[in-house]
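> Take a look and give me a structure for this.
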Amino acid sequence: MEKALGEKLHKMKLQGIAKRWFVNVVGLIVVFLIIIFVAVSVYVKSYYYNSVESLLYSGASTTAASYFSTNLDLGVSFENSAARFVDSYTYKDKTTVWIIDSKGKIISSTDGFLQDSPEMPDYSDAVSREDGISEFIGKANGEKIMSVTRVIENSRGIRIGAVRVMASMKNVDFKIFGIIAGLFAALFAIIAIIIFSNMLFMRSIIVPIREITATTKEISNGNLDVRIEKKYDDEIGRLSDSINSMASDIADADKLKNDFISTISHELRTPLTSIKGWGETLLFGIDQERDPVTNKGLQIIVNESGRLEGFVEELLDFSRLQSGRMNLRLVKTDIFAELDETVFTFRERAMREGIEVRYSIPDFPAPANADPNRLKQVFMNVLDNALKYSKMQGKIFVKAEFSSLNGGDAVKISIADQGCGISEEDLPHVMEKFYKANVSVRGSGIGLAVTNEIINLHNGKLEIDSKQNVGTLVTIYLPIESKPSEQEIDMSEPKIDEVSDEDINLKGYNS
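Alright, predicted model coming up:
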């Protein structure tokens, strides 16, 4: 039972409610039982010792002392009186009586054994006391005894000897020990039963609560299909029903939201494509004699249509992400080539907005089984964020290099900016759907969530580090089939050697 109890205690891991329950309830009961155990143990010892003490005092009573005094007055010698007293003594089987003369010599004994000059602390004390009586508990000849000595005086008040009554405490202590051991065993059994019964009770409460906690955490993480198994028809069971009902309602609402986003995105896509197409046709058509205001208006139509088209594509990706329909079209791809093409396209746009892009990439291919269009989307999303949050005349650093991921070959792509950065409070949430750390900057708040999902589908990893008012570093790890040897990398030169490790470590941004 002790082993099973220990295993249950270990599994329960006394924390929270279980810990408070044990401290406040079980702990209080255990302390109360220990106090009772100590009190009863003290009472038992006191009872038996008092019983022995009463027996000894009855043997060394004032009646006994008067017996010797009366006999002396009748002319009976002290030695004869001692012999008669010892012969007629009632408790010979329980105690031993010594009759001691005025010189401290034992002249008669119930056990017939007369010792020469034994240690008698109680006799010495009784002789010096006014009441002429003393008791002693301790070792005598290697054995624990209790003794009581009473001084005997004649009718004139002169000390003529003493009566010493003794009892061995060995059997008494053994009996007390047996009773206390029985009490301790009963106490241990009661505590074990209390703990075991409380463990069962707490288990019926805490285990369902932990299951509810784990389920609600799953629900908060987006898993709306998880449900709590109802085990008890009580308050916890009703709580489980409420949470299951809430999860079903959230799932229905989430499905309705996703269907709406998917439908509205598809409905917007066609007219936007037409608006953008006709805007470009009119803007770059044959008629070049339009007034500047018309040209500017057409340019705005084309630009804003393109922006809305990108937003609709993000919504469509979000809809696919939510419904689990985001799939990859995997082909043999050179990751560095896709990055190089994306940065080349992005660089011109950054220059128009007054941002310098510094770029470093190894002069080696990075072969992988990947979706090139989705990879370009990842790179463009990260670069677009870096541009949106950068300051005028700032720099964006892009550095690609070979690395490793989960024990395999990989590429590491670092994209750093010198923008406003992300606060410590916002940083853990930036990859959540629709979360925006800076609401003043355009964007839907789902780009990083989609980016992270695409990287995960490629079995890669996305890391974001940022310091407010310093900048942000986004690091992308993507697995590849193989990488060149260290010797080949050392002997080669990067295509564009403009980015150092210091540029992307959030230290040298303001230089």
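> quick one: terminal-to-terminal distance for stretch 355-369?
Using C-alpha to C-alpha, to the nearest Å, the end-to-end distance of stretch 355-369 comes out at 33 Å.
> got the buried residues for stretch 466-482?
Of the residues in stretch 466-482, 466-467, 470-480 count as buried by neighbour count, 16 or more other C-beta atoms under 10 Å. (Glycine included, C-beta is placed from N, CA and C.)
> Return the distance of that stretch from the chain's centre.
31 Å (C-alpha atoms, centre = their mean, to the nearest Å).
> contact partners of stretch 372-381?
The contact list for stretch 372-381, computed with C-beta atoms under 8 Å, 6 or more residues apart in numbering, reads 317, 328-329, 331, 333, 335, 338-339, 341-343, 346, 413, 415, 447-448, 450-451, 454-455, 457-458, 476, 478.
> For these, which PyMOL command selects only the ones that are buried?
In PyMOL syntax, the buried subset of the contacts of stretch 372-381 is picked out as below (16+ other C-beta under 10 Å):
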select buried, resi 317+333+335+338+339+342+343+346+413+415+447+448+450+451+454+455+457+458+476+478
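> Among the contacts of stretch 372-381, which are located in strands?
Here DSSP state E is the test, and the contacts of stretch 372-381 give Val331, Thr333, Ile413, Ile415, Ile476, Leu478 as lying in strands.
> farthest pair in those residues?
Val331 and Ile415 (24.1 Å; C-beta to C-beta).
> What residues sit buried inside whichever strand or helix holds Arg84?
Take DSSP states H and E as the rule and Arg84 turns out to sit in helix 78-88. By 16+ other C-beta under 10 Å, the buried positions in helix 78-88 come out as Phe78, Ser81, Ala82, Phe85, Val86.
> how about the helices of the stretch 101-250 of the chain, start to end?
Using DSSP state H, counting those that start in this stretch, the helices found in the stretch 101-250 of the chain span residues 121-128, 170-220, 235-283.
> whoops, I mixed them up, the stretch 251-400 of the chain
Counting by DSSP H, counting those that start in this stretch, one finds helices in the stretch 251-400 of the chain at the ranges 292-323, 335-352, 372-388.
> With mean pLDDT and distance to Val31 as extra columns, can I get those helices in TSV?
TSV is the format used below for the helices of the stretch 251-400 of the chain (pLDDT from 0 to 100; distance: least, C-beta to C-beta, whole Å):
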stretch	mean pLDDT	distance to Val31
helix 292-323	75	56
helix 335-352	90	67
helix 372-388	89	61
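> Pick the most deeply packed of those.
helix 372-388 (a mean of 21; mean count of other C-beta atoms under 10 Å).
> Let me know the closest of the ones in strands among the contacts of stretch 372-381 to Ile206.
Comparing those against Ile206 with C-beta to C-beta places Ile476 closest, at 42.5 Å.
> ok, the nearest residue to that closest one once chain neighbours are set aside - contacts?
Distance criterion C-beta to C-beta, 6 or more residues apart in numbering; nearest residue to Ile476, sequence neighbours excluded, is Ile413 at 4.4 Å. By C-beta under 8 Å, 6+ apart, Ile413 lies in contact with Ile335, Leu339, Phe379, Val398, Lys399, Ala400, Thr475, Ile476, Tyr477, Leu478.
> same thing but at 7 Å, please
Ile413 makes contact with Leu339, Ala400, Ile476 under the criterion C-beta atoms under 7 Å, 6 or more residues apart in numbering.
> Next: Ser485.
Residues near Ser485 by C-beta under 7 Å, 6+ apart: none.
> Quick one, grab the pLDDT at it.
pLDDT, Ser485: 75.
> do you know how far it is from Lys105?
Plainly put, Ser485 is 109 Å away from Lys105 if you go by C-beta to C-beta, to the nearest Å.
> so where's this structure uncertain?
Along the chain, segments meeting pLDDT under 70 span 1-18, 265-266, 285-290, 321-325, 434-445, 487-511.
> relative to its centroid, which residue of it is most remote?
Within the chain, the residue lying farthest from the chain centre (C-alpha atoms, centre = their mean) is Gly75, at 90.2 Å.
> Would you list the phi and psi of that residue?
Gly75 has phi and psi values of phi 90, psi 10 when expressed as degrees, to the nearest 10.
> Show me what the helix holding Arg84 is packed against.
Here helix 78-88 touches helix 62-73, strand 96-101, strand 106-109, going by 3 or more C-beta pairs under 7 Å, 6 or more residues apart in numbering; DSSP states H and E.
> Asp173: what's it in contact with?
Counting by C-beta under 7 Å, 6+ apart, Asp173 has contacts Lys144.
> who's in contact with the helix holding Arg84?
Helix 78-88 is contacted by residues 64, 67-68, 71-72, 97, 99, 101, 107-110, 160-161 when judged by C-beta under 7 Å, 6+ apart.
> Pick out whichever of those residues sits closest to Gly394.
Proximity of those to Gly394 was ranked by C-beta to C-beta; the top entry is Val97 with 110.2 Å.
> Could you check how far that closest one is from Ser77?
18 Å.
> Between the two, tell me which one has more neighbours.
Taking neighbours as other C-beta atoms under 10 Å, Val97 and Ser77 compare with Val97 leading, 22 against 10.
> Verify the contact between the more buried one and Ser61 for me.
No. At 11.8 Å, Val97 does not count as touching Ser61 under the criterion of C-beta atoms under 7 Å.
> ok, back up a step: any chance of the buried residues of stretch 466-482 in TSV, plus distance to Ala247?
Listed next are those as TSV, based on distance: C-beta to C-beta, whole Å:
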residue	distance to Ala247
Ser466	34
Lys467	39
Val470	41
Gly471	40
Thr472	35
Leu473	37
Val474	34
Thr475	35
Ile476	34
Tyr477	34
Leu478	35
Pro479	35
Ile480	40
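> between those residues, which is nearest Asp122?
Of all these, the one with the least separation from Asp122 (C-beta to C-beta) is Lys467, at 86.1 Å.
> my guess is the closest one meets Gly421, correct?
Yes. Judged on C-beta under 7 Å, Lys467 makes contact with Gly421 at a distance of 5.1 Å.
> give the contact list for Thr273.
Thr273 touches nothing, counting by C-beta under 7 Å, 6+ apart.
> roughly how far apart are it and Asp384?
For Thr273, the distance to Asp384 - C-beta to C-beta - is 21 Å.
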